[in-house]
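**Student:** compute the structure for the input listed below.
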Amino acid sequence: MHTRRASTTGSRTVAIIVAVWLLIGLAAAGQRSYLSGSDATCAKIGTTLVTVVAGPLNYVGANPKIDCSAPQPSR
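**Tutor:** I've put the predicted structure just below:
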């Protein structure tokens, strides 16, 4: 009978941890000025997303960067 309540509490705890993790990553992206400017390149968007997902790891030395280049059309 208590397993349903424990499952709900566990799910809520995981959701809170994930939300806090992403908020910390968003703060790191903001501190690195990834959220400012209007040049929305593949590399900037990718780096911003990876920084947000890395969360607190940004503060222990992680500095994720994405380098993407689109293939050139053939003639």
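**Student:** quick check: next helix or strand after the helix or strand bottoming out on mean pLDDT in the chain?
**Tutor:** Counting by mean pLDDT, DSSP states H and E, the weakest-scoring helix or strand in the chain turns out to be helix 3-31, with a mean of 89. Toward the C-terminal end, the helix or strand that comes next after helix 3-31 (DSSP states H and E) is helix 42-54.
**Student:** which other residues reach that next one?
**Tutor:** Helix 42-54 has contacts (Cβ atoms under 8 Å, 6 or more residues apart in numbering) with 22, 25-26, 28-29, 32, 34-35, 37, 58, 62, 64-70. All C-beta spots, glycine's among them, are computed from the backbone N, C-alpha and C.
**Student:** ok, now with 7 Å
**Tutor:** 22, 25-26, 28-29, 32, 34-35, 58, 62, 64-68, 70 (Cβ atoms under 7 Å, 6 or more residues apart in numbering).
**Student:** and Ile16, how far from Thr9?
**Tutor:** Going from Ile16 to Thr9 by Cβ to Cβ, to the nearest Å gives 11 Å.
**Student:** and what of Asn63?
**Tutor:** To Thr9, Asn63 is 36 Å away according to Cβ to Cβ.
**Student:** got a PyMOL select line for the buried ones in the contacts of helix 42-54?
**Tutor:** Remark: buried members of the contacts of helix 42-54, expressed as a PyMOL selection using 16 or more other Cβ atoms under 10 Å:
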select buried, resi 25+26+28+29+34+58+64
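**Student:** Val14: what's it in contact with?
**Tutor:** Shown in contact with Val14 (Cβ under 7 Å, 6+ apart): no residues.
**Student:** quickly note the distance from it to Trp21.
**Tutor:** 10 Å.
**Student:** burial of the residue nearest to Gly37 when sequence neighbours are not counted, as a residue count?
**Tutor:** Spatial nearest neighbour of Gly37, excluding adjacent residues (Cβ to Cβ, 6 or more residues apart in numbering): Lys44 at 7.8 Å. The burial count assigned to Lys44 is 15, neighbours taken as other Cβ atoms under 10 Å.
**Student:** pLDDT score for Lys44?
**Tutor:** pLDDT, Lys44: 90.
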